[in-house]
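In: build me a model from this:
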Amino acid sequence: MSLAVLGIAAIIFFNFFEIAEVDQYFPPSREAQANDFLALDRWLSAQGISVREMNPGTIDAFKSADEKTIFVQSNLVSWNNDIFTWMDQWIESGGHFILSIDSYRIWDSNTPLEEYILGLGLGPAEMIPDTVYNYQYNDLFPSFGTNMQFNEPEEAVLILKDVNGFARLAQFEKGGGKITVTGRPRFMNNYNLESEANARLCWHLFASGTAADTAGQGVFFIRGERQVEGIVGMFFSRGNLLIIIISCIVLTAAGFWAVIPLFGTVKSEDLIKGKPLTQRFLAEANFYRRFNSLDVYYPVYLREIKRRISKNPDGKDISKAENIQKNKAPNKNEFLKSIIILKTILESL
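Out: Residues are numbered from 1 along each chain as shown. Okay, the predicted model is just below:
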């Protein structure tokens, strides 16, 4: 008997249960969503290289920096000649300035930043006609932003190209230091740092030598932060904002369509069409009576009666109105009777 039970259990288990690998997705942490360079920060910190971040950058922030490496996104600084004068002196004294240019609009803008970069001999390179850009990923080349494409000046000590052969990074030496210019730094973000080519480039830019040589060094970042997307933002990003607006308009129109035929509009001197106030009161009273809310709405009637009595002190049924004012709001069984009396008073007023 026991063998039969075990056999049946084995058959059921064999036919209805299966052991298989299941891939489960865990979204990045909120910290990682807000900082595209969190992996780089943690990696540098693990190597004994301190990381400091600020946004935006000012001349005072530059002058007070103790780090020997500064990384700057160009759109986060209001560039002027004082900053570039300090930059040249700081670089010549042994600093490494890494400049990330965010937009092609820098060229032909007649700004101090454009003049400074052109003074290095670095300018935009035109794409060769009929060139087909290859977006295929290649682990042998760093991941550069495609927003900036440079020429190849002879003054540069280092020119790095992408998989298509376009120059994306240029490095120049000044005195005892150097300046590096590139486009958007895709090679630094969390998703690309795992590539060996990207990791080597980051190590070249932000550190030098062995881990023992880099101990005590630091990197000062001036880079943008990303707004973490919440539930509402995720909902809107899927194109539902227009649907919400249209839905609100439709619901509002439907509400008026349902309420106005029942209650009608208040008839006044300015409105030719509409139900008289007495009929509207009666309709609304029946509505509130249905939901046991007469104690809230009853004072409206009394205020209207007082107002009309003040205008017509000689009207009929004034004594009845005064008696009703002295009483509390009636219960639902007495309400309709009171409403009829009020309606008669209002019509006589």
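In: tell me who's in contact with residue 81.
Out: residue 112 (CB atoms under 8 Å, 6 or more residues apart in numbering). The way it works is simple: take the backbone N, C-alpha and C, and place the C-beta from them, glycine included.
In: kindly report the same for residue 195.
Out: So residue 195 contacts 139, 142-143, 187 (CB under 8 Å, 6+ apart).
In: repeat that with 7 Å
Out: Contacts for residue 195 (CB atoms under 7 Å, 6 or more residues apart in numbering) come out as 139, 143.
In: distance of it from residue 12?
Out: 49 Å (CB to CB, to the nearest Å).
In: out of the helices and strands in the chain, which is least certain?
Out: Every helix and strand in the chain was compared by mean pLDDT, DSSP states H and E; the lowest is helix 211-214, with a mean of 46.
In: helix or strand right after that one?
Out: strand 218-222 (DSSP states H and E).
In: so for that following strand, what's the average pLDDT?
Out: Strand 218-222 shows a mean pLDDT of 91.
In: again, but for stretch 251-271
Out: 60.
In: mind listing what's buried in the helix or strand harbouring residue 39?
Out: Secondary structure from DSSP H and E places residue 39 in helix 38-46. For helix 38-46, the neighbour count (16 or more other CB atoms under 10 Å) marks 38-41, 43-44 as buried.
In: tell me where this protein has strands.
Out: Taking DSSP state E to define them, one finds strands in the chain at 50-54, 69-73, 96-100, 158-161, 167-174, 177-182, 218-222.
In: which stretches of the stretch 201-349 of the chain have low pLDDT?
Out: Applying pLDDT under 70 to the stretch 201-349 of the chain picks out residues 208-216, 225-241, 257-282, 284-285, 288-289, 291-302, 304-349.
In: likewise the stretch 1-150 of the chain?
Out: Using pLDDT under 70, the flagged stretches of the stretch 1-150 of the chain are 1, 14, 16-20, 127-137.
In: one more time with 80, if that's ok
Out: Along the stretch 1-150 of the chain, the parts satisfying pLDDT under 80 run over 1-34, 103-110, 126-139, 146.
In: which residues of it fall in helices?
Out: Assigned by DSSP state H, counting those that start in this stretch, the stretch 1-150 of the chain shows helices spanning 2-16, 30-34, 38-46, 59-63, 81-92, 112-119.
In: right, so of those helices, which gets closest to residue 201?
Out: helix 38-46 (11.1 Å; CB to CB).
In: and the angle from the closest one to strand 218-222?
Out: Counting by axes from the mean of the first three to the mean of the last three CA atoms, to 10 degrees, helix 38-46 lies at 160 degrees to strand 218-222.
In: which residues sit against helix 38-46?
Out: Contacts for helix 38-46 (CB under 7 Å, 6+ apart): 31-32, 51, 188, 190, 193, 202, 206, 219.
In: same thing with stretch 56-69?
Out: 52, 54, 72, 76-77, 82-83, 86, 94-96, 206, 217-220, 222.
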